[in-house]
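S.K.: compute the structure for the input listed below.
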Amino acid sequence: MGADLDFFKEWLDDVRSASGRQLFAAGELWRGNIDKLHNYIVKPGGKMSLFDAPLHYNFHAASKAGVVNIEWQSGGNHKFTTPRSGTGNASASF
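M.R.: Sure, this is the predicted structure:
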């Protein structure tokens, strides 16, 4: 992968300490493998969030196959009926 995950942890600690604020940090790792994403969250101590790339890839594949169904509900809410297995969105472990 090339990224030093220990660096992210130390750097975020330093930036947050210097600013005196709990700054939000989001990283990008465009991989479809949830285990690799999980490592990018766990190894730096959960100090940054990631985009759910596996969910993105599932939605992309579903849209190409024509299987995405979005039910619009009152109040502007919506419900996706596309399978989410193997995505960060389906995993509550991180």
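
S.K.: and the pLDDT at residue 93?
M.R.: pLDDT, residue 93: 44.

S.K.: heads up, I number from 52, so please use that
M.R.: Understood, numbering begins at 52; the last thing we discussed is residue 144.

S.K.: just for the protein, where's the confidence low?
M.R.: The chain contains residues with pLDDT under 70 at 52-53, 117-145.

S.K.: please redo it, this time with the cut-off set to 80
M.R.: 52-54, 109-145 (pLDDT under 80).

S.K.: and the helices in it, which stretches?
M.R.: With helices called from DSSP state H, the chain shows them at 56-70, 85-93, 104-116.

S.K.: redo these as a markdown table? Include mean neighbour count.
M.R.: (Each C-beta comes from the backbone N, C-alpha and C, glycine too.) Converted to a markdown table, the helices of the chain look like this (neighbours: other C-beta atoms under 10 Å):
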| stretch | mean neighbour count |
| --- | --- |
| helix 56-70 | 13 |
| helix 85-93 | 17 |
| helix 104-116 | 15 |
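
S.K.: ok, which of these comes nearest residue 79?
M.R.: Closest approach to residue 79 among the helices of the chain (C-beta to C-beta): helix 104-116, 8.0 Å.

S.K.: CA atoms only: put that closest one into PDB for me.
M.R.: What follows is helix 104-116 as a C-alpha-only set of coordinates in PDB (Å, rounded to 0.1, in the frame of the first residue of the first chain):
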ATOM      1  CA  ALA A 104     -15.200   2.200  -1.100                       C
ATOM      2  CA  PRO A 105     -16.600  -1.400  -1.100                       C
ATOM      3  CA  LEU A 106     -20.100   0.100  -0.800                       C
ATOM      4  CA  HIS A 107     -19.300   2.500  -3.600                       C
ATOM      5  CA  TYR A 108     -18.200  -0.400  -5.800                       C
ATOM      6  CA  ASN A 109     -21.300  -2.400  -4.900                       C
ATOM      7  CA  PHE A 110     -23.500   0.500  -5.900                       C
ATOM      8  CA  HIS A 111     -21.600   1.000  -9.100                       C
ATOM      9  CA  ALA A 112     -21.900  -2.700 -10.100                       C
ATOM     10  CA  ALA A 113     -25.600  -2.600  -9.100                       C
ATOM     11  CA  SER A 114     -26.200   0.500 -11.300                       C
ATOM     12  CA  LYS A 115     -24.500  -1.200 -14.200                       C
ATOM     13  CA  ALA A 116     -26.600  -4.300 -13.700                       C
END
